[in-house]
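> Below is the structure, and that's it, no one-letter string:
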């Protein structure tokens with residue numbers, strides 16, 4: 001703007017221009033400070049690094065640290081995997097031992113049941129023999145009594161046998 005244009009502006013417009021100029025001035029000062037900070041930071045880095053080669057070596061240190069961290073991570077994963085395998089093996093061993101123990105207990109129970117059943121069967125057979133012998137003895141006595149009571153029948157049977165033999 002020219003001086004003539006400035007003289008024609010009202011007081012409010014002049015104040016607005018002044019405020020806008022102040023804001024722009026503050027913004028430029030802030031940007032200048034940031035640029036100076038960046039410049040100082042770069043100077044410190046260059047002074048510390050000494051040269052581009054040294055700066056590259058420092059960057060390599062970061063990569064070495066990253067590589068070490070990755071190696072440590074892999075080692076930790078391998079250790080965890082190894083522990084998991086050990087735990088799995090232990091659980092499998094315990095499961096097998098439990099299964100073997102249960103199998104042995106079941107076989108012992110089966111053997112005891114078989115022995116008990118065999119003894120019961122033998123007792124039942126002996127009881128059946130005794131009952132059958134008793135029944136046979138009773139039937140024999142009744143047949144003998146019947147035979148004695150019917151002696152005439154005996155003679156008839158003898159006569160019949162002689163007759164068959166003579167024919």
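Ah, there it is. Every value quoted in this text rests on a predicted model; they were computed, and no experiment measured them. Numbering: from 1, shown residues only.
> make it CA atoms for all contacts and neighbour counts henceforth
Noted.
> Can you spell out which helices and strands pack onto the longest helix belonging to the chain?
For the chain, the helix with the greatest residue count under DSSP state H is helix 52-149. Identification of packing neighbours for helix 52-149 by 3 or more C-alpha pairs under 8 Å, 6 or more residues apart in numbering; DSSP states H and E yields helix 11-49.
> what residues go with each domain of this structure?
Here the domain parsing of the chain from automatic domain parsing is 1-50, 51-166.
> weakest of those by average pLDDT?
Lowest mean pLDDT within these: domain 1-50, at a mean of 78.
> how far out from the middle of the chain is it?
Its chain's C-alpha centre and that of domain 1-50 lie 68 Å apart, by C-alpha atoms, centre = their mean, to the nearest Å.
> on that earlier part again, and the angle for the longest helix of the chain with helix 11-49?
80 degrees (axes from the mean of the first three to the mean of the last three C-alpha atoms, to 10 degrees).
> about what we covered before: how about the domains of the chain in TSV, adding mean neighbour count?
Below are the domains of the chain laid out as TSV (neighbours: other C-alpha atoms under 10 Å):
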stretch	mean neighbour count
domain 1-50	11
domain 51-166	12
